[in-house]
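Student: from the sequence below, what's the structure:
(one chain, ligands or ions: 1)
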Amino acid sequence: MDRIRIVGGRPLNGTIPISGAKNATLPLMIASLLTEETLTLDNVPRLADVVLLQRILGNHGVDITTSGKRAGETADNGQTLHISAATIVDTTAPYDLVSRMRASFWVLAPLVARMGEARVSLPGGCAIGTRPVDLLIMAMERLGAKVEIDGGYVVAKAPRGLKGGEVVFPKVTVGGTHTAIMAAALADGTSVIENAAREPEIGDVAACLNKMGARISGAGTGRIVVEGVSKLHGARHAVLPDRIETGTYAMAVAMAGGDILLQNARPELLQAALDVLTISGVAVTPTNQGIRIARNGGHLDPVEVTTAPFPEFPTDLQAQLMALMTRARGTSHIVETVFENRFMHVQELARLGARIQLDGERATIEGVEQLKGAPVMATDLRASVSLVIAALAAEGETIVNRVYHLDRGFERLEHKLGRCGAAIERLSG
Ligand code: EPZ
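Tutor: The predicted structure follows:
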């Protein structure tokens with residue numbers, strides 16, 4: 001298994017291009033199931049999760065081709081996928097595929113909307129929590145599907161099509177909101193989704209669906225109204241920039257020191273996180289090319305942060321912020337309210353000399369003068385990158401193991417950091 005080797009102590013200067021958002025790309029690819037025409041997606045990141053989803057969609061009979069390089073394009077440009085679900089040959093999503101990437105469970109809604117049935121494996125838990133799908137099933141039932149659990153599979157049927165209805169989520173769920181929108185898009189009648197997730201990726205998928213002929217309003221707010229249509233057509237859509245990658249690299253340069261332009265980043269996608277960095281003493285400057293992040297010599301002030309659904313501080317940046325706060329001048333507190341077990345990175349950060357106390361969902365981070373490099377292990381996607389952030393400022397060498405977690409969500413991470421001055425390399429095998 002590949003490992004990443006980092007020697008800390010080098011500042012970061014230059015430009016980091018921000019890729020298309022993983023958490024928009026995955027539902028956008030899944031939305032292709034809603035039409036027999038071709039959906040073309042631009043600015044698609046080259047990630048392991050995208051490759052895996054291509055395999056999963058292929059299993060349903062979806063053809064996906066990739067455009068070749070165009071004149072003037074570099075490896076920093078995202079790829080273009082042409083996705084065509086002209087014929088869906090299999091409405092089963094098997095356990096061996098779904099268990100490897102939870103978001104593949106989201107094929108449930110478009111398969112039922114298009115084919116009247118679906119048999120999708122329950123995804124199972126993961127490192128950060130049990131990750132139930134009860135609210136996604138509730139949404140399908142509210143929109144007219146008959147759902148039962150059979151042998152670890154969710155079996156959903158709507159032979160006479162889905163019906164518009166009201167879906168009220170008792171808690172904010174991104175996957176639940178994607179599911180309700182995709183089911184409602186082809187339902188007979190109008191649907192109202194209350195307490196919907198407001199994450200920018202929801203808005204990006206809704207914008208693409210509207211280009212395909214859907215009638216969705218209110219995406220990005222807590223109340224979304226969808227007027228069902230009988231068919232959707234093909235469209236072309238560019239994936240919005242990845243706000244989690246943006247926040248991650250912002251925290252990397254805050255940790256290492258230096259001055260970086262996060263190219264194509266959009267501040268409004270992660271304003272809460274940028275505000276926390278400003279409070280901590282980092283210079284955050286939106287420009288017409290992206291966002292400039294700088295910390296030259298000044299110290300980091302501690303912060304008090306609670307994660308919550310958008311527009312609050314995102315849970316997907318919690319581990320990265322915790323790594324940064326290990327070097328603050330004082331004591332910080334981070335409360336994780338979205339997932340029940342998203343502190344797996346704490347033990348690994350402690351191996352680098354961090355001083356972190358856990359009390360249920362609350363972490364207390366006492367800033368230290370210096371971290372020291374050591375071998376550490378990644379446990380999930382965002383925890384793995386928090387170890388990279390800590391290693392950038394740790395004295396000496398850090399080896400991050402199990403970097404396949406990194407490859408799921410961060411495109412060419414060692415290239416992006418290496419060309420800005422980090423001493424970072426991938427050790428194969
Ligand atoms: C999406 O996961 C993201 N994944 C996650 O990013 C992100 O952390 C999460 O939203 C929260 O923002 C993708 O977009 C592919 P939820 P999702 O449904 O939709 C509970 C990453 O690192 N819940 O919003 O699965 C759930 O247990 C990943 O890119 C139920 O109880 O998250 C959690 O506590 C990690 N029942 C809370 O809701 C349900 O039926 C929020 O989960 C569904 C969810």
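
Student: near the ligand, which residues of this protein show up?
Tutor: 23, 26, 102-103, 129, 131-136, 171, 173-176, 315-316, 338-339, 381-382, 409 (Cβ under 6 Å from any ligand atom). In this view, the C-beta of every residue, glycine as well, is placed from N, C-alpha and C.

Student: which ones among these map onto helices?
Tutor: The helices, defined by DSSP state H, take in 23, 26, 134-136, 174-176, 381-382, 409 from the residues of the chain next to the ligand.

Student: flag every buried residue along stretch 254-272.
Tutor: For stretch 254-272, the neighbour count (16 or more other Cβ atoms under 10 Å) marks 254-262, 264-267, 269-272 as buried.

Student: kindly report the same for stretch 36-43.
Tutor: Neighbour counts using 16+ other Cβ under 10 Å place 36-41, 43 of stretch 36-43 among the buried residues.

Student: can you check stretch 156-169 too?
Tutor: 156-158, 161-165, 167, 169.

Student: again, but for stretch 144-154
Tutor: 144-145, 147, 153-154.

Student: would you turn those into CSV with secondary structure?
Tutor: Below are the buried residues of stretch 144-154 laid out as CSV (DSSP: H, G, I helix; E, B strand; the rest coil):
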residue, secondary structure
Gly144, coil
Ala145, coil
Val147, strand
Tyr153, strand
Val154, strand
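
Student: determine which two of the residues you listed are furthest apart.
Tutor: Comparing every pair within the buried residues of stretch 144-154 by Cβ to Cβ identifies Gly144 and Tyr153 as the most remote, at 19.8 Å.

Student: name the nearest residue to the residue of the chain positioned farthest from its centre, sequence neighbours excluded.
Tutor: Computed with Cα atoms, centre = their mean, the residue of the chain farthest from its C-alpha average is Arg160, at 34.2 Å. Setting aside the residues directly before and after it, Arg160 is nearest to Gly116 in space (Cβ to Cβ, 6 or more residues apart in numbering), at 7.6 Å.

Student: next, count neighbours for that neighbour.
Tutor: Gly116 is flanked by 16 other residues according to other Cβ atoms under 10 Å.

Student: doesn't Gly161 make contact with it?
Tutor: Yes: the pair Gly116 / Gly161 is scored as a contact, 6.7 Å apart, by Cβ atoms under 8 Å.

Student: which residues does Ile26 contact?
Tutor: To be clear, residue 26 is Leu; Ile isn't right here. Contact analysis of Leu26 by Cβ atoms under 8 Å, 6 or more residues apart in numbering lists 49-50, 53, 103, 106.

Student: top of the residues you listed by neighbour count?
Tutor: Counting neighbours by other Cβ under 10 Å, Trp106 leads the contacts of Leu26 with 28 neighbours.

Student: let me see the contact set for Ser332.
Tutor: Residues near Ser332 by Cβ under 8 Å, 6+ apart: 302-305, 325, 364-365, 367.

Student: pLDDT value on it, please?
Tutor: We have a pLDDT of 98 for Ser332.

Student: before we move on, the earlier item: gap between the residue farthest from the centre of the chain and the ligand?
Tutor: If you measure Arg160 against the ligand using Cβ to the nearest ligand atom, to the nearest Å, the figure is 25 Å.
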